[in-house]
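[1] Sequence and computational prediction follow.
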Amino acid sequence: MGTSTYLRVVRASAWYDLMVTIGFATPWTFAAILAGLETISSLFGITARFPVFEPAHMLMANLLGSIVTVWAILRLRDTQVRYGRYDAAGRFLFATWQLYALLHGAHPIVWSFLVVEVAFGIAQVLPIDGVRCRGNGARASVAG
């Protein structure tokens, strides 16, 4: 894939992260997101329920939402090949823990997030034409 195409993938993954996780950043918006996920689940006939979130669970969700939002904004404002590579590593970690959670009874809607994590992870580890890991191309970026 060419560098410009790769950078578009990095930006697309950043937009996805921003749209999906910004609502996790505060207790109030997370409560709305959770209610929305329950509604979507029922529309698809999924009978599993999300657990009641205690304050410590809410804190973890809010920390996740906050840091992923900041990471997404960085990738949108300063899109770089290097950030795409780091993002791929993060996506594979997220996918690992999502799969672990699913195998231990997590809500089935997590499968949809897992698929996206793996897809963006794979897209961001693919070779880029003319770019070597430590070469000048690794610094390729596009203004946002």
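    Looks like it arrived, so ask away.

[2] for this structure, where's the lowest mean pLDDT among helices and strands?
    None of the helices or strands of the chain scores lower by mean pLDDT, DSSP states H and E than strand 141-143, at a mean of 52.

[3] got the phi/psi numbers for residue 79?
    Per-residue torsions, residue 79: phi -70, psi 120 (degrees, to the nearest 10).

[4] Hmm, residue 11 and it touching each other?
    Yes - Residue 79 lies in contact with residue 11 (CB atoms under 8 Å); the separation is 5.3 Å. Heads up, the C-betas are built off the backbone N, CA and C, glycines and all.

[5] Those two - which one has more neighbours?
    residue 79 (21 against 17; other CB atoms under 10 Å).

[6] Tell me which stretches of the protein form helices.
    Secondary structure of the chain by DSSP state H: the helices cover 3-21, 27-43, 55-77, 81-103, 110-125.

[7] Minimum distance to residue 49: which of the ones you listed has it?
    Across the helices of the chain, residue 49 has its closest neighbour in helix 27-43 (7.3 Å, CB to CB).
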